[in-house]
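Peer 1: Predicted structure and sequence below. I'll ask about it afterward.
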Amino acid sequence: MHNDRTITEARLKRVLDERIRPAVYPEAVPLEVGVRQAPGEPVPVAEGLAAPREPVAPGAAWGPAWGTSWFTVSGAVPGAWAGRTVEAVLDLGFDENMTGFQCEGLVYRDDGSPVKGLNPRNHWVRVAAPAAGGERVRLHIEAASNPVVLDYHPFVPTELGDRETADDRPRYRLGRMDLAVFDATVWELVQDLEVLDGLMKGLPEDAPRRWEVLRAVERALDAVDLQDVGGTAARARERLAGVLAAPAHASAHRVSAVGHAHIDSAWLWPLRETVRKVARTTSNMTALLEDEPDFVYAMSQAQQFAWVKEHRPEVWARVKKAVAEGRFVPVGGMWVESDTNMPGSEALARQFVHGKRFFLDEFGIETEEVWLPDSFGYSAALPQLVRLSGSKWFLTQKISWSRTNVFPHHTFWWEGLDGTRVFTHFPPIDTYNAQLSGEELAHAVSNFREKGRATRSLAPTGWGDGGGGTTREMVARAKRLADLEGSARVVFERPSAFFEKAHAEYGQDAPVWVGELYLELHRATLTSQARTKQGNRRAEHLLQEAELWSATAAVRAGFPYPYERLDRLWKTVLLHQFHDILPGTSIAWVHREAARTYAEVAAELEELIGEAVTALAGDASGGTVVFNAAPHGRGGIAAHSARPAADTLASGPPTATPREGGGYVLSNGLLRAEVDGRGLLVSVRETESGRETLAPGTPANLLQLHQDFPNMWDAWDVDEFYRNTVTDLVEADTVELTDDNSVRVVRSFGRSRVEQRIELPPGVRRVDFGTEVDWHETEKFLKAAFPLDIRTDRIAAETQFGHLHRPTHTNTAWDAAKFEACAHRFVHLAENDWGWGVALVNDSTYGYDVTRDVREDGGTTTTVRLSLLRAPRFPDPRTDQGVHRFRYALVPGAWIGDAVCEGYRINLPERHVPGDRAVGALAHSGNEAVVISAVKLADDGSGDVVLRLYESLGGRADTVLSLYFEAGSACRCDLLERPSEAVPVEEGRIGLSLRAFEVVTLRVARHYGVRPEPLR
């Protein structure tokens, strides 16, 4: 037989595109259309419905960037259509390849109730089934003219990312606006042919099944009269029935499809638009659930549910009904799908607290699966937090984006910092926007790395990023693929059903991955949009401080604890940790608003803290009280306490003398630091031991400027070749001594300017650097380098509730790929586990890199660099332009405990408050390895004191927790403060034993409290 495969496949494509698909709507009449452009921001629905309309016709231009147009369409169903299914076909000017990234709409009835959303892959509204003929149709569309920011030529700088810079020309032309007959038989034929076409493409060219399907398709096409598709569609379907009925092989892979619409809470659109995107998608999904009894839809992000509840109560009612029926499934257990690299310890814990509590309060549902398909790498702290939140499963997709190494597992146990394991799935379909195409399913089967031991995987199914969700076409594909020879078996089911089955068949044998899930891509997200990152870091620490002093004041002075304000502020900060906001990868509008929001949050938290410390400090005319919010003592002030300034320990001021050859020598009795005539740090020596910190001949605090133009994903990526070009900023405009014996250095470079103050604070082994950069560079990367005279094969980088080690070498591709990584408040290097070391601490940066070299003298130079600023031009063309301030410090002779202490101290500076009263801490850990990271009152308003502790050094630790208030009973709790087991309190003390990096939450009733019953 001659090989005519390609001819038949080409025939199928053309006939589908040009004859069969158009015949789905064989008859149509135009609708009358009127429009009203709402000026400025979106208006309430009632206002939009009431506004007068102006006539408009298909082809008309409409919609400036970020505008809202209210369309009304009206018409009558022709009498001749009686007994037929009728739909409104409403094309706002869609491009089917831009679903979620361009214009969208939400359809309303006259009474303001929402019907469904419109997008490029879903632009129909069912009007009558069957029609009586003569029905009047009147629908209203709230149409958002969101501009296409990420276009066919991607990553081109654009001003469209902010309404303040976008032009006002219309972005779209109105397309078809019709009433049309919907031919269900033709539509079903389209689904048959699309499924079989995809099945063929996923099979080997020499597979008998492929040829069997090909011949059936050929016979079906022969049966179609191209001038009467509707009249011959049933005959064509009959010729396909046999190949569609052939059952799947007994060993066929099983795919659990889960309806899904990954909706970025902000990205190439602002937060306010996400509120509407969620309403459109949930409207569509609740409607689809009503039409398709076998369909299941899952939605993460409690914040998005809260938006629906607040802004679209009619949709919320439909969501609640569908959730109660068990087919609209809340998943994730987090407030948003956050970044997990940069949020602080307590903030990441609160993502689970507020997310899970919302689902419990609103639906009575305990979510068990953590759902993070798109975040840019996953912290090694997550497994413990997942389990402490009451969840037990984890799903991600993003690791498939790694560029260097192929992740070896798809279903596995993920072991975190402390040894906690969580059962994890990484769908082999390699997308969180699956369409259930034949190609996708064939890839999932061939790609699945657990073959021979496991048989199933999950497919998040639906249009995402900008929303849209699952379509009726995807559901139709799943029905045909439920049991089809040559394909995986597909069934829609709840994520929990998949995890239970996967765990049952593979839980005992699944491999283990230990440590972080590092994404070998998007490393620049640790640096882009520095203001957003600084706002986050500051807000996190102010929140913890506000809770600490408010709880202390409540216990000590009867201060009214600000439950509602703290709850609201936490949720605001958690929202901005979404994985396209905190990483700095959203449009300019998002980050402009974030800067304003962070300033408002900080101001309100400063007010709360001020009220609490004023209540504690006593007589404001009696002097000054110094408050220490850090979990370690300093200057004679114990952790989490306060003392009058007169009682604090004071050290002599540092000295400064001219340095031979230019510059200055600084000394504080513990360290001697030399700053040369160029303003560069050339020596840091311990006074007692004489040990030099810096590698010979290499200056530290060296600012280095790199060209930074990645191959794609500008705000997201830094490619390793950026290191090939570097400019050392060694020329100084000014190097001078200040009145407080610090050195002031000013440099100019390009169109930018940097001013630094280098100082040795009294009484501590630390060199402080205050850096202000007026940044006006483009596509550049600024780093601060510290070449250290230390030999080590690993570096400790702080993460949530502990630290993890990463290599300083590049022995393997896995090592080499980590050329830019995340650290919170410190990085630490030591010559061995407990040997001489150095810490580099910071108040607002996250990215760092480390390299090593062996010198001619045989010594090793290990260079650590902090990543300060970038200047990508997409999606924000003016990323980070303007003034930035950073604080970081070098701590010679530091062991890991010093790194932990100094990291806290630089982020929680002392407060000087008018008053005369000492304030004792509510609790104290008797072992410095065990850090009290949060002190608060219980969220339920009971007045119980909640303490969060963790082991910070990486080893087992016993401690006695001393309570300095009238403590009653105590218990261990989960993150949601639900008791798990009682712990004895003896004379105000609690004995605890913690494993390495273990997190413990204690709930302590005050003497009038009642201990909650432990969970059984």
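Peer 2: On my side now, so go ahead.
Peer 1: On the C-terminal side of the top helix by length along the chain, identify the next helix or strand.
Peer 2: Longest helix in the chain by number of residues (criterion: DSSP state H): helix 588-617. Toward the C-terminus, helix 588-617 is succeeded by strand 624-628 as the next helix or strand (DSSP states H and E).
Peer 1: what angle do that next one and helix 588-617 make?
Peer 2: With axes from the mean of the first three to the mean of the last three Cα atoms, to 10 degrees as the basis, strand 624-628 and helix 588-617 are set at 120 degrees to each other.
Peer 1: buried stuff in strand 624-628?
Peer 2: Neighbour-count burial for strand 624-628 flags T624, V625, V626, F627, N628 (criterion: 16 or more other Cβ atoms under 10 Å). Any C-beta I mention is one placed from the backbone N, CA and C, and that applies to glycine too.
Peer 1: Likewise for stretch 485-501?
Peer 2: For stretch 485-501, burial by neighbour count (16+ other Cβ under 10 Å) applies to 485-499, 501.
Peer 1: okay, it in PDB with CA atoms only?
Peer 2: The C-alpha atoms that make up stretch 485-501 are tabulated as PDB, following Å, rounded to 0.1, in the frame of the first residue of the first chain:
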ATOM      1  CA  GLU A 485      -6.800   2.300  22.700                       C
ATOM      2  CA  GLY A 486      -3.500   4.000  22.200                       C
ATOM      3  CA  SER A 487      -4.100   6.600  24.900                       C
ATOM      4  CA  ALA A 488      -3.700   7.000  28.600                       C
ATOM      5  CA  ARG A 489      -6.900   6.600  30.500                       C
ATOM      6  CA  VAL A 490      -8.300  10.000  31.500                       C
ATOM      7  CA  VAL A 491     -10.800  10.700  34.200                       C
ATOM      8  CA  PHE A 492     -11.700  13.900  36.000                       C
ATOM      9  CA  GLU A 493     -11.300  13.600  39.700                       C
ATOM     10  CA  ARG A 494     -10.400  15.500  42.800                       C
ATOM     11  CA  PRO A 495      -6.700  16.000  43.600                       C
ATOM     12  CA  SER A 496      -7.200  14.100  46.800                       C
ATOM     13  CA  ALA A 497      -8.400  11.100  44.900                       C
ATOM     14  CA  PHE A 498      -5.300  11.100  42.800                       C
ATOM     15  CA  PHE A 499      -3.000  11.400  45.800                       C
ATOM     16  CA  GLU A 500      -4.700   8.700  47.700                       C
ATOM     17  CA  LYS A 501      -4.400   6.300  44.800                       C
END
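Peer 1: Now find how far off-centre that stretch is within its chain.
Peer 2: Its chain's C-alpha centre lies 27 Å from the corresponding centre of stretch 485-501 when counted by Cα atoms, centre = their mean, to the nearest Å.
Peer 1: do you know how far the closest residue to R21 other than its chain neighbours is from S457?
Peer 2: Leaving aside its sequence neighbours, R21 sits nearest to V190 (Cβ to Cβ, 6 or more residues apart in numbering; 5.8 Å). When Cβ to Cβ, to the nearest Å is applied, the distance between V190 and S457 equals 27 Å.
Peer 1: okay, those two: which has more neighbours?
Peer 2: More neighbours sit around S457 than around the other of V190 and S457, counting by other Cβ atoms under 10 Å; the figures are 24 against 19.
Peer 1: That one and I429 touch, don't they?
Peer 2: Yes: when contacts are counted by Cβ atoms under 8 Å, S457 is listed as touching I429 (6.9 Å).
Peer 1: hey, what's in contact with both of those two?
Peer 2: Both S457 and I429 are contacted by V255, A444, under the criterion Cβ atoms under 8 Å, 6 or more residues apart in numbering.
Peer 1: Can you point out the buried residues in the longest helix of the chain?
Peer 2: Taking 16+ other Cβ under 10 Å as the basis for neighbour counts, the residues of helix 588-617 that come out buried are 588-594, 597-598, 601-602, 604-605, 608-609, 611-617.
Peer 1: now swap in stretch 545-558 and tell me
Peer 2: Neighbour-count burial for stretch 545-558 flags E545, A546, E547, L548, W549, S550, A551, T552, A553, A554, V555, R556 (criterion: 16+ other Cβ under 10 Å).
Peer 1: before we move on, what about stretch 626-644?
Peer 2: For stretch 626-644, the buried set under the neighbour-count rule, 16+ other Cβ under 10 Å, comprises 626-635, 637-644.
Peer 1: same question for the longest helix of the chain, mean pLDDT?
Peer 2: Mean per-residue pLDDT for helix 588-617: 98.
Peer 1: chain center to it, what's the gap?
Peer 2: Using Cα atoms, centre = their mean, the distance from the centre of helix 588-617 to the centre of the chain it belongs to is 22 Å.
Peer 1: Counting by contacts, list what that helix packs against.
Peer 2: With contacts defined as 3 or more Cβ pairs under 8 Å, 6 or more residues apart in numbering; DSSP states H and E, the secondary structure elements packing on helix 588-617 are helix 530-557, helix 563-575, strand 624-628, strand 641-644, strand 911-914.
Peer 1: make it 6 Å
Peer 2: In this structure, helix 588-617 makes packing contacts with helix 530-557, judged by 3 or more Cβ pairs under 6 Å, 6 or more residues apart in numbering; DSSP states H and E.
Peer 1: Let me know the angle separating the helix it packs on from helix 588-617.
Peer 2: 20 degrees.
Peer 1: Check which helices and strands helix 530-557 sits against.
Peer 2: Using 3+ Cβ pairs under 6 Å, 6+ apart as the contact criterion, the secondary-structure elements in contact with helix 530-557 are helix 588-617, strand 930-937.
Peer 1: Settle this for me: P807 is touching A813, isn't it.
Peer 2: No: the pair P807 and A813 fails to qualify as a contact (Cβ atoms under 6 Å) at a distance of 11.9 Å.
Peer 1: ok, these two, which is more surrounded?
Peer 2: Counting neighbours by other Cβ under 10 Å for P807 and for A813 shows that P807 has the greater number, 17 against 10.
Peer 1: residues touching that one, list them.
Peer 2: Going by Cβ atoms under 6 Å, 6 or more residues apart in numbering, P807 touches R794, D815.
Peer 1: Could you report the pLDDT at it?
Peer 2: P807 is assigned a predicted lDDT (pLDDT) of 98.
Peer 1: Please tell me how far it sits from W316.
Peer 2: Spatial separation of P807 from W316 under the definition Cβ to Cβ is 50 Å.
Peer 1: Also A82?
Peer 2: 36 Å.
Peer 1: neighbour count winner among the two?
Peer 2: Neighbours were counted for A82 and for W316 using other Cβ under 10 Å; W316 has more, 19 against 15.
Peer 1: got a list of what the more buried one touches?
Peer 2: Applying Cβ under 6 Å, 6+ apart to W316 gives the contacts V308, K309.
Peer 1: Name the residues of the helix or strand in which it is found that come out as buried.
Peer 2: Take DSSP H and E as the rule and W316 turns out to sit in helix 313-325. Going by neighbour count (16+ other Cβ under 10 Å), the buried part of helix 313-325 is E314, V315, W316, R318, V319, K320, A322, V323.
Peer 1: Kindly indicate which of the residues you listed lies nearest N122.
Peer 2: The shortest approach to N122 among those belongs to V315, at 15.8 Å (Cβ to Cβ).
Peer 1: Is it correct that the closest one is in contact with R280?
Peer 2: No: V315 lies out of contact with R280 (Cβ under 6 Å); the separation is 9.2 Å.
Peer 1: can you pull the buried residues of the helix or strand following the helix holding W316?
Peer 2: Following the chain from helix 313-325 toward its C-terminal end, the next helix or strand by DSSP H and E is strand 328-330. By neighbour count, with 16+ other Cβ under 10 Å as the criterion, the buried positions of strand 328-330 are F328, V329, P330.
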